[in-house]
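> quick one, fold the following:
(chains A and B)
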Protein chains: 2
Amino acid sequence: MLNEALAPDIQALIAKKSWSAVRDAVANWPAPEIADLLLALPKTERAVVFRVLPRAISSEVFSYLTTEQQNQLLKELTDEETRQLLAGLSPDDRTALLEELPGRASQKLLNLLSPEDLAEARKMLGYPEDSVGRLMTPDYVAVRRQWTISQALAHIRARGRGSETINVVYVVDEGWRLVDALELRRFIFAEPDETVEAIMDGRFVSVRASDDREEAVRVMQRYDLDVLPVVDSDGVLVGIVTADDVLDVAQEEATEDFHRAAAVAPLKANYKELSIFTIYRKRIGWLLALVFMNIFSGAAIAAFEETIAAVVALVFFLPLLIDSSGNAGSQSATLMVRALATGDVKLSDWGKLLGRELFVGSMLGATMALAVLPIGALRGGPEVAVVVALTMLLIVIVGSLIGLSLPFLLSKFKLDPAAASAPLITSLSDISGVLIYFSLATWLLNLPG
Amino acid sequence: MLNEALAPDIQALIAKKSWSAVRDAVANWPAPEIADLLLALPKTERAVVFRVLPRAISSEVFSYLTTEQQNQLLKELTDEETRQLLAGLSPDDRTALLEELPGRASQKLLNLLSPEDLAEARKMLGYPEDSVGRLMTPDYVAVRRQWTISQALAHIRARGRGSETINVVYVVDEGWRLVDALELRRFIFAEPDETVEAIMDGRFVSVRASDDREEAVRVMQRYDLDVLPVVDSDGVLVGIVTADDVLDVAQEEATEDFHRAAAVAPLKANYKELSIFTIYRKRIGWLLALVFMNIFSGAAIAAFEETIAAVVALVFFLPLLIDSSGNAGSQSATLMVRALATGDVKLSDWGKLLGRELFVGSMLGATMALAVLPIGALRGGPEVAVVVALTMLLIVIVGSLIGLSLPFLLSKFKLDPAAASAPLITSLSDISGVLIYFSLATWLLNLPG
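Below you'll find the model as predicted:
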């Protein structure tokens, strides 16, 4: 996958402290590989190697480090070195650094920024966390609608050097409001004397800087774009978001939803780099909450202690039945959480989907009831078999409906639907499962309740 | 989010059959919006509106339809219309269409392709399903290393019209082997008389056409790229993959893993569009398999029927204990499945992570044991409390270790680690949980075993 030029003897050069040889050796490595090399070095050598990197590369390498690693490295650099490093970072990487560093470190960096970069950073930090504004970069190329194509091309040539992409050129009006997004090739193949207005088609989509960054993922995916313009509440163009940033967001959001689906608080970092105590902290909250919820299942069981004492064989089927209900519910919940996240399903679809789920749940429950019928007969005779099969049918339906509905309910109350995790659904299904099972048994087997 | 130009009275124009007015009205809509409009129309009118679309737009709109919808629409078109439509599709969209249509329809389309497009389609269809080769497009711009900058720019201008991106220009040697990937701006700001070789830096990454498409996601994300060159086994440049395609892949793969995490077979389609029977089919397999697995929990319980009959109060804690084990296991499994998918964790990390998990699991188990101790004392007295707390400690550790290990084991045997779903982990934890609980109880409470 990687360009083969990576030399293996770099460690030897570092051991010999041949710094300029190290610089030459890594000069044509991709930045993430250089970042990996840095991480493998002891702290002091890390700073030395970082310092000898060509300036254009060092800022890029820096942006591939985690915040913790960046903070460590910054402590080793002089103010002047830091100033140059900051100037070399792209605005979105700079915003990410400033928002994630501890307050003091972040303040120190702000003091080292040029007045222009400072104004830009202040503006981007003013947008809410996880908003498009934090993700965007102001390095785009915009032209005015009344310019001629040749004027526009001259401007693109002059401005394009520092912009993140020149595939798309933005057209703005007098008030810098976005009026179109045109591919560069349309300028190249247009007549030089035409106006920009003449090649406009008004076909463009944009997102608001205040939108949630997931909105940028959805729009970019829906319209198959590689770059997305960002406007403020007046439609004024304030930046662009590129696909590589959006891909990162999509993966991060998917990871967070994954973790929530298993009742883990989002980690916000590489699993391997987390301390044991952090992992403990992210996991214990829900585990304890679920323990207390499960006491209700216990209480439901306690209410039927006489039933159980009379037919101990009923306990045989308890894990099987409550697990089946929880499994069916987990399936429904996960399907809904993901469909809501990708936009395949909307809040208003609940009613319609509930009806469908009743059907699906009944079919699933009936199939599973048939499967347990012979086991019930074998272990407890025909009467127990009927109780077990009927319970299976009912609790699979109930589990499915709980699983389908909880993500919608959470959304309705402005909570994250992903909190409808498999463990939570399992616990809820357990309580209803225990009640249904032993109630049916008491009733159908004429037992003391 | 969307450009405000969308007129609401389009339905009226369609009702009046003012087709040219419809064409003018939608001409500046984004393609996905036009696709949505088509889907809202009855079949016959859909074909008519599609036919009146400007040719440049109709192919784009077509690519936003699902395969089923594309197939329906194709049936309404003449051979000549189909030929023009196919010629207008980008090669990667064309491959997707050909691979997903039923065999007969696909063969018919192949017959309508131009000889060039046919050769291209045959080649791309030759790569394995879910490979990078199926995803790539051959519409890139490549220059030779010995050309001058002005020769290269002339070529870029001539070829750029049909290429998917011109942000990045590829440099190839005599055998069309990829030797560098350079941003367009470097050509624009270089001296016209210099050779391409002079501005090369050899810093590039590529993927193989035969690689799994998830590899393209990982590489693009790791190196923050918007476009990725694709080479064959000899290093010959065969195409490029753009970020918008990779974003789709990332989302699809995440959705599949989500579904697997809840023991649902991947749906490969929008949830809302699936039939009830398809959903049933995707869910029933694992549900039934898990029922039969849970019989082992039942069997474990049956082995301790006398213990249960002696102290019925033990059943009170059964759901609480086995659920806790399953919950801790689900957490570990999900953390591992996702970390393996994103590349944060590698197969070789297992040993190290197992040691860490033992620590985390012990801390979680100890905390939860303390939490259940008073409940145990309240419900069953001090002896039961000790049994319940000790069981909690042990089964949370066991559950965590099972959850951590199963994804690695599945990977080792070349199976999808995502099959380590929460329901599967729950069932496995249940069996061990039941055995540990009742064994401890029998032993510590001196009960008949």
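> low-confidence ranges, the stretch 1-150 of chain A, go.
Flagging of the stretch 1-150 of chain A using pLDDT under 70 yields the residue ranges A:1-8.
> residue in it nearest to chain B?
Across the stretch 1-150 of chain A, the shortest distance to chain B (C-beta to the nearest C-beta) belongs to A:Asn28, at 4.3 Å. In short, each C-beta sits where N, CA and C put it, glycine included.
> B:Val205 is in contact with that residue, correct?
No: with contact defined as C-beta atoms under 8 Å, A:Asn28 and B:Val205 do not form a contacting pair (11.9 Å).
> sorry, back to before: quick one: secondary structure of the residue of the stretch 1-150 of chain A closest to chain B?
coil (DSSP: H, G, I helix; E, B strand; the rest coil).
> ignoring the adjacent residues along the chain, who's closest to it?
In space, and not counting its chain neighbours, A:Asn28 is closest to B:Gly202: 4.3 Å by C-beta to C-beta, 6 or more residues apart in numbering or on different chains.
> where's A:Leu321 relative to chain B, distance?
8 Å (C-beta to the nearest C-beta, to the nearest Å).
> next, count neighbours for that residue.
Neighbourhood size, A:Leu321 [other C-beta atoms under 10 Å in any protein chain shown]: 28.
> check A:Thr165 too.
A:Thr165 has 23 neighbours, counted by other C-beta under 10 Å.
> neighbours of the one residue in the stretch 51-200 of chain A that gets nearest to chain B, how many?
Closest approach between the stretch 51-200 of chain A and chain B, counting by C-beta to the nearest C-beta: A:Asn167, at 5.0 Å. The tally of other residues near A:Asn167 (other C-beta under 10 Å) stands at 20.
> the longest helix anywhere in chain A - contacts with which helices or strands?
The single longest helix within chain A, with elements called by DSSP state H, is helix A:350-412. Under the contact definition 3 or more C-beta pairs under 8 Å, 6 or more residues apart in numbering or on different chains; DSSP states H and E, helix A:350-412 sits against helix A:318-342, helix A:422-444, helix B:276-303.
> around chain B, pick out the residues from the stretch 51-200 of chain A.
If contact is defined as C-beta under 8 Å from any C-beta of the partner chain, the residues of the stretch 51-200 of chain A in contact with chain B are A:157, A:160-161, A:165-167, A:184-185, A:188-189.
> out of the residues you listed, which is nearest to A:Glu129?
Using C-beta to C-beta, the shortest approach to A:Glu129 within those belongs to A:Thr165, at 25.2 Å.
> just say helix, strand or coil for the closest one.
Per three-state DSSP, A:Thr165 ends up coil.
> burial count for the closest residue in space to it that isn't next to it in sequence?
Excluding the flanking residues, the one nearest A:Thr165 by C-beta to C-beta, 6+ apart is A:Val227, at 5.0 Å. Neighbourhood size, A:Val227 [other C-beta under 10 Å]: 24.
> re earlier: what does the residue of the stretch 1-150 of chain A closest to chain B show for phi and psi?
phi -110, psi 20 (degrees, to the nearest 10).
> and A:Pro374, how many neighbours?
11.
> cool, A:Leu237 as well?
A total of 22 residues lie near A:Leu237 under the criterion other C-beta under 10 Å.
> my guess is it contacts A:Val172. True?
Yes: with contact defined as C-beta under 8 Å, A:Leu237 counts as touching A:Val172 (5.5 Å).
> hey, what's in contact with both of those two?
Common neighbours of A:Leu237 and A:Val172, using C-beta atoms under 8 Å, 6 or more residues apart in numbering or on different chains, are A:142, A:178.
> and the pLDDT at A:Pro448?
pLDDT for A:Pro448: 66.
> circling back to that earlier point, tabulate the residues of the stretch 51-200 of chain A next to chain B in CSV, adding columns for pLDDT.
Output for these, formatted as CSV (pLDDT from 0 to 100):
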residue, pLDDT
A:Arg157, 81
A:Gly160, 72
A:Arg161, 70
A:Thr165, 75
A:Ile166, 74
A:Asn167, 80
A:Leu184, 83
A:Arg185, 79
A:Ile188, 78
A:Phe189, 79
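> please produce a ChimeraX select command covering the buried subset of those residues.
In ChimeraX, this line selects whichever of these come out buried by 16 or more other C-beta atoms under 10 Å in any protein chain shown:
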select /A:160,165,166,167,184,185
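> out of the residues of the stretch 51-200 of chain A next to chain B, which two sit at the greatest distance?
Pairwise over those, using C-beta to C-beta, the maximum falls at A:Arg161 and A:Phe189, 22.2 Å.
> strands along the stretch 101-250 of chain A, start to end?
Here the stretch 101-250 of chain A has its strands, by DSSP state E, counting those that start in this stretch, at A:142-144, A:168-172, A:178-183, A:207-208, A:227-231, A:237-242.
> can you tell me what sits against the shortest one?
For strand A:207-208, the surrounding residues in contact (C-beta under 8 Å, 6+ apart) are A:132, A:215-216, A:219, A:228-233, A:241, B:1.
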